[in-house]
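A predicted structure for the sequence below; I have some questions about it.
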Amino acid sequence: MANDRHEWFLNQIFRHGAALHRYLRRFTSGAEDIEDLVQETYVRIYAIEDRDAVGSPRALLFRIAHNLAVERARRQISRATDTVADFAPLDVDTLETPPDEQIDSQRRFESFCAAVDRLPPLCRRVFVLRKVYKLSHTEIAEVLGVSHSTIEKHVAKGLLRCRDYLREHGMLDSSEPSSAGDTRRRALDRGDGS
C-alpha cells in the first residue's frame, strides 16, 4: 500500500514540481517561502487516503498550494499589523494557552475528526475538500467528477451529521435550539442512503 501511494505521488504529483514552483512565485517573495509551500503542499497531498477519488491530481495540487499561499499571506499581513499595544488590554503574562484549554481543544478536535470519519465515503471526501482544503464547488466537481448540487448536499449532510455526533458526545450544548436543519437532515438521509 505504501508503495502504491509512493508511485501515485511520483507519477501524479511530484512530476508537476517545476510548474508548481513557477506558479507559487506569483504569491511569494522568496525561494525559501516557495520551497516551504511546496513541501507543505506535498505533505497534505501525500496524506490523502483515497487517492482513487481524486479525478485531477494536478488540479488538487495547485488548489492546495494556492490556498496555503493565500493563508500564509493573510498570516503575514496579520502579524505585520499586530503590536504590543494590542495585547495590553488582555492583561496576560504569556501568549501560551493554559494546559486545560489545550486539553479541551485537543479533545474537541479529536471528536470532530471522529465525526468526520463516520461520514459516508463520498460525503467525507466532499466535506474534507470543502471545509479542510477550502476548495470551491467548481474545484471539487473537477477533482471528484460530481455535480454542484451533489457537493452542496454532501457538505450540508456532513455539517449536520458532525453536529449531531458532537451533540451526542457532549461536545455541543444539546439544549441549543434545533433549526430547520433537522428537517433538512432527515430529508437528506432519506434521499441518500449512504
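Perfect, thanks for sending it.

From Ala47, how far out is the residue nearest the centre of the chain?
The residue lying closest to the centre of the chain (CA atoms, centre = their mean) is Val132, at 0.9 Å. Using CB to CB, to the nearest Å, one gets 11 Å for the distance from Val132 to Ala47. No exception for glycine: its C-beta is placed from N, CA and C like everyone else's.

thinking Ile13 is in contact with Pro57, fair?
Yes. Counting by CB atoms under 8 Å, Ile13 does reach Pro57; the two are 5.7 Å apart.

residues bridging contact with these two, i.e. touching both?
By CB atoms under 8 Å, 6 or more residues apart in numbering, Ile13 and Pro57 have these common neighbours: Ile45.

Domain parsing of the protein, as residue ranges.
Domain ranges of the chain: 1-93, 96-194, per automatic domain parsing.

starting at the chain centroid, how far to stretch 59-70?
Here the centre of stretch 59-70 is set off from its chain's centre by 12 Å, with CA atoms, centre = their mean, to the nearest Å.

so what secondary structure elements neighbour the lengthiest helix in the chain?
Across the chain, the longest stretch assigned as helix under DSSP state H is helix 57-81. Here helix 57-81 touches helix 17-24, helix 31-46, helix 137-144, going by 3 or more CB pairs under 8 Å, 6 or more residues apart in numbering; DSSP states H and E.

so of the ones you listed, which one's packed in deepest?
Most buried of these, by mean neighbour count (mean count of other CB atoms under 10 Å): helix 137-144, with a mean of 19.

Outside of that helix itself, which residues are in contact with it?
In contact with helix 137-144 (CB under 8 Å, 6+ apart) are residues 53-56, 59-60, 63, 122, 125-126, 129-130, 135, 146-148, 151-152.

Okay, and which of the residues you listed map to helices?
Per DSSP H, the contacts of helix 137-144 map to helices at Ala59, Leu60, Arg63, Leu122, Arg125, Val126, Leu129, Arg130, His148, Ile151, Glu152.

Which of these ranks first by neighbour count?
Val126 (28 neighbours; other CB atoms under 10 Å).

is it true that that one touches Ala156?
No. Contact between Val126 and Ala156 fails when scored by CB under 8 Å: they sit 10.1 Å apart.

Now do the SS call for Glu49.
With DSSP: H, G, I helix; E, B strand; the rest coil as the basis, Glu49 sits in coil.

other SSEs contacting whichever strand or helix holds Lys157?
For Lys157, the host element (DSSP states H and E) is helix 148-168. Counting contacts by 3+ CB pairs under 8 Å, 6+ apart, helix 148-168 packs against helix 99-117, helix 121-131, helix 137-144, helix 180-191.
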